[in-house]
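K.L.:
Generate coordinates for the sequence data below:
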Amino acid sequence: MPRHILLLFCILLAQSLFSQPLPTQLDLLSISPDSFIVEFKTTKGNFSVMAHRGWSPLACDRFFMLAKNNWYHNTVIYRVGPTRSYPGGKIVQFGISNNTTANYAWRDATIKDEPVVHPHEWGAVCFARDSINSRSTDIAIFLAQGIMLDTINYKGVVGFPSFAIVISGNEVLKAFNGEYGNDIMEFPDDSLFLGKPFYDRRFPGLDVIYSAAVTISWKGGKNN
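P.N.:
Coordinates of the predicted model:
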């Protein structure tokens, strides 16, 4: 069997054994708690974010559902670099799984755009987007104050609504491998199709999220 065929077979086998959920397997209309905390365990240590549904309801609903269903387990932190929408920003980005079928399915399972409610500050968390109503599974954490992101018109949509804020592990975020900057953004199809095997081969040394789990949730909270 040719080597590339064998590699593809092994990748697909691994995906079948450790696959993230498809949109059809989850309730896309489920509603998150008013506030909740998600802890991420990574190769550099742990960090936690606190989400507030009042800041961006649809984003919180999606994030809670993904975190509860292991979407971010064993995913690569593939981008640690400058923002492309405005100068001076820095971003940590992840959310592409290692399952080809799931990646392409979630690419079409997007949520609608929402207005910015909470201003961007260091550690603000939002869903990455490309065009109108394109938020899906990819999230971005800002390592700089980015008030321009509240009002900027980027690809036909005003603002990047944050839905959570980092509450612990700032030093972990600062330590993630940023040697490749935005280079990986030039290979979107490879990322969606191969996930971690592609990153390991083309961009070795990137950090990984081992797990992401909801640790506490409650009714009420800031801006709710």
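K.L.:
residue contacts, residue 216?
P.N.:
Residues near residue 216 by C-beta atoms under 8 Å, 6 or more residues apart in numbering: 36, 37. (C-beta placed from N, C-alpha, C; glycine too.)
K.L.:
Let the chain start at 40 from now.
P.N.:
Sure, I'll start counting at 40 from here, so that last one is residue 255.
K.L.:
need the longest strand for the chain.
P.N.:
For the chain, the longest strand by residue count, based on DSSP state E, is strand 247-257.
K.L.:
where exactly do the helices run in this protein?
P.N.:
For the chain, the helices defined by DSSP state H occupy 42-56, 96-107, 139-146, 209-214, 227-233, 235-241.
K.L.:
and those, which is most packed in?
P.N.:
Of the helices of the chain, the one with the most neighbours on average (mean count of other C-beta atoms under 10 Å) is helix 96-107, at a mean of 22.
K.L.:
Can you tell me the centre-most residue of this protein?
P.N.:
Compute the mean C-alpha point of the chain, and by C-alpha atoms, centre = their mean the closest residue is residue 178, 2.6 Å away.
K.L.:
Quick check: that residue vs residue 88, distance?
P.N.:
9 Å (C-beta to C-beta, to the nearest Å).
K.L.:
shared neighbours, those two?
P.N.:
Common neighbours of residue 178 and residue 88, using C-beta under 8 Å, 6+ apart, are residue 164.
K.L.:
returning to that earlier point: pLDDT wise, what is the residue nearest to the centre of the chain at?
P.N.:
For residue 178, the model assigns a pLDDT of 97.
K.L.:
Leaving out sequence neighbours, find the closest residue to it.
P.N.:
Nearest residue to residue 178, sequence neighbours excluded (C-beta to C-beta, 6 or more residues apart in numbering): residue 134, at 5.1 Å.
K.L.:
can the helices of the chain go into TSV with extra columns for distance to residue 129 and mean pLDDT?
P.N.:
Putting the helices of the chain into TSV (distance: least, C-beta to C-beta, whole Å; pLDDT from 0 to 100) gives the following:
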stretch	distance to residue 129	mean pLDDT
helix 42-56	32	48
helix 96-107	21	98
helix 139-146	25	92
helix 209-214	10	97
helix 227-233	20	86
helix 235-241	20	91
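K.L.:
okay, those in a markdown table with distance to residue 183 next?
P.N.:
Below are the helices of the chain laid out as a markdown table (distance: least, C-beta to C-beta, whole Å):
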| stretch | distance to residue 183 |
| --- | --- |
| helix 42-56 | 35 |
| helix 96-107 | 20 |
| helix 139-146 | 28 |
| helix 209-214 | 11 |
| helix 227-233 | 24 |
| helix 235-241 | 24 |
